[in-house]
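sequence? don't have it. structure:
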């Protein structure tokens, strides 16, 4: 691990929770993947019913990509990939009209290999309201001001991740933090103003991770928490000291292939660790092997209390359950409950503090789910790959309020801001509002 000589002088007071920074003029913006500190929680009263011909504020054509839209004031940012030109681009869109204000493209020497449903433009940007920070596995980190002027960039070697680099960068005070995934795996913190390395911590035990880090501030301590995601068993949820990247604690014995992002609420940190899920063709080719794999499944949804050091599986785990573990979507903490969404349109709702099951059931919208749930105005929004956005009431019973069918597949997570919901489909970005 490498530390900058001045890092011990970095004042902790500037390392404020970014969820607070994202509030401006009484409005909560959506500055990164899943909004303020990856919580999935937005403001205002987004519409319940919407579609290609209902409650549409605007629709803008965008290129291929899986990054989720982020929002600050009157600007929306996302990324796209042009396979013909082999270029990766950052877009800035006017939030009121949907007009593309600027597009800045880079041309990598080589485009990384990704999973068939993924994209080289898979990571979601992050903004502090002054600049926008972008990561492409094929290129590295880029920083633009809000007018599209390049402020700095960091070129990185190809990550060599078999499914592609999709973890998104986050901001924590003055630091931009990236979970760099691949054969050369590490957690990197750079100065957001100039891109210079502040610290770099080895993560070679978790080479092929896909989890976006989360900033956990508690008891005067600032931590960066990352879910391990290699193909090997005995993975970990790891917590690092924000100031210098030193390891603080971990939950071990987790299954391989962690993908989702932890979420914070009720004084706890929640994470979902799915086990290996075979593709349908693989199950059909060798059903006996598939049955054996699933019989030994060690997937779990877990709540962790703060304050531990070293291995905390026996000391700081508040509860852990084997049912209701999502494959890709991150958990959602909302109004004292924890929601998880599984393929085939299955939802589990638990009491967040205890793990007690409130309900489970089907949404009536089958298919695969890669997008993560978001919530506002006592309503939960979850999108399927087939282009259906289901709206649930955030209550003690499963109550579907609307099933909204769009005209394209949805893999990116929607954004909520100022009473609107912004949904990226395979070819378009929609803004829906009343």
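That came through fine. All values reported here derive from a predicted model rather than from experimental measurement. Numbering: from 1, shown residues only.

Which positions within stretch 144-161 qualify as buried?
Using 16 or more other CB atoms under 10 Å as the burial criterion, the residues of stretch 144-161 that qualify are 144, 146, 151-152, 154, 156, 158-161. In short, each C-beta sits where N, CA and C put it, glycine included.

Which of these fall in strands?
144, 151-152, 154 (DSSP state E).

from the residues you listed, which is closest to residue 91?
residue 144 (10.8 Å; CB to CB).

Tell me the spacing between that closest one and residue 87.
16 Å (CB to CB, to the nearest Å).

Three-state assignment for residue 205, please.
helix (DSSP: H, G, I helix; E, B strand; the rest coil).

For residue 263, list the residues it contacts.
38-40, 214, 269-271, 330-333, 338 (CB atoms under 8 Å, 6 or more residues apart in numbering).

meant to ask about residue 373
Taking CB under 8 Å, 6+ apart as the test, what residue 373 contacts is 40, 329-330, 332, 339, 341, 380-382.

Same question for residue 152.
142-143, 194-195.

at 7 Å instead, please
143, 194-195 (CB atoms under 7 Å, 6 or more residues apart in numbering).

Go ahead and confirm residue 174 touches residue 189.
No. Counting by CB atoms under 7 Å, residue 174 does not reach residue 189; the two are 9.4 Å apart.

The residue located most distally from the centre of the chain is in what secondary structure piece?
What lies farthest from the middle of the chain is residue 288; by CA atoms, centre = their mean that is 34.1 Å. For residue 288, the host element (DSSP states H and E) is helix 287-295.

Angles on the backbone of residue 341, please.
Dihedral pair for residue 341: phi -130, psi 130, per degrees, to the nearest 10.

Against residue 368, how distant is it?
From residue 341 to residue 368 the distance is 11 Å (CB to CB).

swap in residue 80?
In terms of CB to CB, residue 80 sits 22 Å off from residue 368.

Which one of these two is surrounded by more residues?
Neighbour count, other CB atoms under 10 Å: between residue 80 and residue 368, residue 80 has more, with 21 against 17.

Help me confirm that that one comes into contact with residue 69.
No. Residue 80 lies out of contact with residue 69 (CB under 7 Å); the separation is 11.4 Å.

Which positions within the host helix or strand of residue 403 qualify as buried?
Using DSSP H and E, residue 403 maps to strand 400-405. For strand 400-405, burial by neighbour count (16+ other CB under 10 Å) applies to 400, 403-404.

Compare the contacts of residue 152 and tell me which is most surrounded.
residue 143 leads these on contacts (other CB under 10 Å) with 20 neighbours.

Identify the residues contacting it.
131, 133, 151-153, 195.

Looking at strand pairing, list the partners for it.
residue 133, residue 152 (DSSP bridges).

Report pLDDT for residue 362.
What the model reports as pLDDT for residue 362 is 97.

Likewise for residue 30?
So residue 30 comes in at 98 (pLDDT).

so what's it bridging to?
residue 71.

The stretch 251-400 of the chain: helices as residue ranges?
280-285, 287-295 (DSSP state H, counting those that start in this stretch).

what's the average pLDDT for the longest one?
Along helix 287-295, the predicted local confidence has a mean pLDDT of 71.

what's the neighbour count on the residue lying closest to residue 34 once chain neighbours are set aside?
Distance criterion CB to CB, 6 or more residues apart in numbering; nearest residue to residue 34, sequence neighbours excluded, is residue 40 at 4.7 Å. Neighbour count for residue 40, taken as other CB under 10 Å: 30.

again, but for the one 4 residues further on
Here the number of neighbours of residue 44 (other CB under 10 Å) works out to 16.

that older thread, so what secondary structure elements neighbour the following helix or strand past the strand holding residue 403?
Sequence-wise, the next helix or strand downstream of strand 400-405 (DSSP H and E) is strand 415-417. Contact here means 3 or more CB pairs under 7 Å, 6 or more residues apart in numbering; DSSP states H and E; on that basis strand 415-417 packs against strand 70-72.

just to revisit the earlier point, with the contacts of residue 143 in mind, which one is nearest to residue 255?
Nearest member of those to residue 255, counting by CB to CB, is residue 133, at 31.2 Å.

residues in contact with residue 318?
268, 303-305.

For those residues, which PyMOL command selects only the ones that are buried?
This is the PyMOL syntax for the buried subset of those, where burial follows 16+ other CB under 10 Å:
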select buried, resi 268+303+304
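
Just the ones in strands from the contacts of residue 318, please.
Short answer: the contacts of residue 318 in strands (DSSP E) are 268, 303-304.

what distance separates stretch 399-413 from the centre of its chain?
18 Å (CA atoms, centre = their mean, to the nearest Å).

What is the end-to-end distance of stretch 320-330?
Stretch 320-330 has its terminal residues 16 Å apart, counting by CA to CA, to the nearest Å.

from the chain's centre, how far out does that stretch sit?
15 Å.

Buried by neighbour count: which residues of that stretch qualify?
In stretch 320-330, counting by 16+ other CB under 10 Å, buried: 321, 324-330.

Touching, residue 396 and residue 358? I think so.
Yes. When contacts are counted by CB under 7 Å, residue 396 is listed as touching residue 358 (6.0 Å).

Among the two, which residue is more densely surrounded?
residue 358 (17 against 10).

Please tell me how far the more buried one sits from residue 92.
The value you get for residue 358 to residue 92, if CB to CB is used, is 41 Å.

Just list the residues touching residue 316, thanks.
Applying CB under 7 Å, 6+ apart, the residues contacting residue 316 are 304-305, 307-308.

What is the nearest of the residues you listed to residue 348?
Using CB to CB, those come closest to residue 348 at residue 304, 18.3 Å.

I figured the closest one hits residue 251, correct?
Yes. Using CB under 7 Å, residue 304 makes contact with residue 251 at a distance of 6.3 Å.

Mind listing the shared neighbours of these two?
Joint contacts of residue 304 and residue 251 (CB under 7 Å, 6+ apart) are 312, 317.

Identify, from the buried residues of stretch 320-330, the entry nearest to residue 54.
residue 329 (25.0 Å).

measure the residue nearest to that closest one when sequence neighbours are not counted to residue 41 for me?
In this structure, residue 329 finds its nearest non-sequential neighbour in residue 372, 4.5 Å apart by CB to CB, 6+ apart. Counting by CB to CB, the gap from residue 372 to residue 41 is 12 Å.

Between which two of the buried residues of stretch 320-330 is the distance greatest?
321 and 328 (18.4 Å).
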